[in-house]
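> Next one to model:
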Amino acid sequence: MRPPLLFLFVFAIYSSMSAQPGSLQVADQTFKLNGSCEYVYAFAEGDEISLHAEELTGKEIKTVEFLQFPDFLIFKAYELDTALEKSILIPKTGVYLLRFQETGLSKKVCRFTIHRKPVSPETARLNTRVDWNVHEYPEYSVRRRAVETGKKIEVIPLGGQVTVQASKFYTKKPVNAYQFTLPPNTVRWAYRISVGQATADARRRDADKLKSTLQSGAVKIMGVQPQTALAAFALGAAIDMTVSTAGEDVEYAIVDYTNWLKFSEYQDYSAFMQQSGVSVDVQRRYNPLKGTYYFALKSDNWVDDINVQIDIEAVTEVPVFETEIYLEPVK
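This is a model prediction of the structure:
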């Protein structure tokens, strides 16, 4: 027989009442009760535990027990035929056992929820799982370990300007390089390479695009407020960054030191990226992600030197670690 809708509605209210402000859910378990069922958890001293338990088909549960393992009884309810609501203050960090026992031969379907309200931020990071057989290994120790709980995202600006001289009718070598080092924990990066007056124009246009994107709220999901359009682009924002082939231009390649030497001698080289005839170019990169590299630059201007601006925004994700308390069996 299915429980009436009003019964389920009342149960939902009881369950929601069990969760106090600032509490953490430990369990929400539905199970068939056949004889005896046990559930084991770790709790910290000072935890305030909220337990809700109920038989879902309107039948009676013989006993519900909550013990500090192995045999220190904290409470015991008999012949439960209504919802059980219990608030428990944990006396000592350790293993705790919740046990259900049935009465009669009819099958029973039960559900319980457990929430814990930690006494401090440190105990909030207790691992409540007990993943070993406590009857076989009843002895345990309280341990601590560093666990990764998230990542801190930052956008680190790099960049500068370099002059590439003209060939002066083949009397000079029209090449130069801009060296840069990616910061630790870089996960992606973006760059803008621009020549002469095109730099100011591209920055102005992209700043307007960033303003529009920020007003639309599209960047809020990134978790970081970008300071420039290039930073937003590096973070993954769908901004149509300015590119151009008009005006003064340059040939460039992103290379390591060995290939920069080959580039400078007009030899065959390998590059992560190579473009020619660009006045403004913007790219997002997922490799390389660590080390020192070069923007190798070459000008086709015979008379005038060119100034090349390199703007780089590197996105880093630094792991954040916190101390977790856990229980370990003594074997």
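> which intervals of the stretch 151-300 of the chain have sub-threshold pLDDT?
169, 216-223 (pLDDT under 70).
> how about 50 then?
Along the stretch 151-300 of the chain, no part satisfies pLDDT under 50.
> And the strands in it, which stretches?
175-182, 186-195, 250-255, 273-278, 280-285, 291-298 (DSSP state E, counting those that start in this stretch).
> Tabulate those in TSV, adding columns for distance to Ile61.
From N, CA and C alone the C-beta is placed, and that goes for glycine too. Shown next, in TSV, are these (distance: least, Cβ to Cβ, whole Å):
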stretch	distance to Ile61
strand 175-182	62
strand 186-195	52
strand 250-255	69
strand 273-278	68
strand 280-285	60
strand 291-298	64
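> I'd say Gln161 and Ile310 touch.
Yes. Look at Gln161 against Ile310 with Cβ atoms under 8 Å: they come within range, at 7.3 Å.
> if you count what's nearby, which of those two comes out ahead?
Between Gln161 and Ile310, counted using other Cβ atoms under 10 Å, the more crowded position is Ile310 (20 against 12).
> just the CA coordinates of stretch 321-331, formatted as CSV?
Extracted in CSV, the C-alpha atoms of stretch 321-331 (Å, rounded to 0.1, in the frame of the first residue of the first chain):
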residue,chain,number,x,y,z
PHE,A,321,44.4,22.9,0.6
GLU,A,322,42.7,22.6,4.0
THR,A,323,43.2,20.2,6.9
GLU,A,324,40.7,17.3,7.0
ILE,A,325,40.1,15.2,10.1
TYR,A,326,39.5,11.5,9.5
LEU,A,327,39.4,8.2,11.3
GLU,A,328,41.8,5.4,10.5
PRO,A,329,41.5,1.8,11.7
VAL,A,330,44.2,0.2,13.8
LYS,A,331,44.9,-3.1,12.1
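> What are the buried residues along that stretch?
Using 16 or more other Cβ atoms under 10 Å as the test for burial, stretch 321-331 gives 324-327, 329.
> what does it rub up against?
Stretch 321-331 is contacted from outside by 42, 44, 93-95, 122-123, 125-127, 129-130, 132, 134, 137, 139-149, using Cβ atoms under 8 Å, 6 or more residues apart in numbering.
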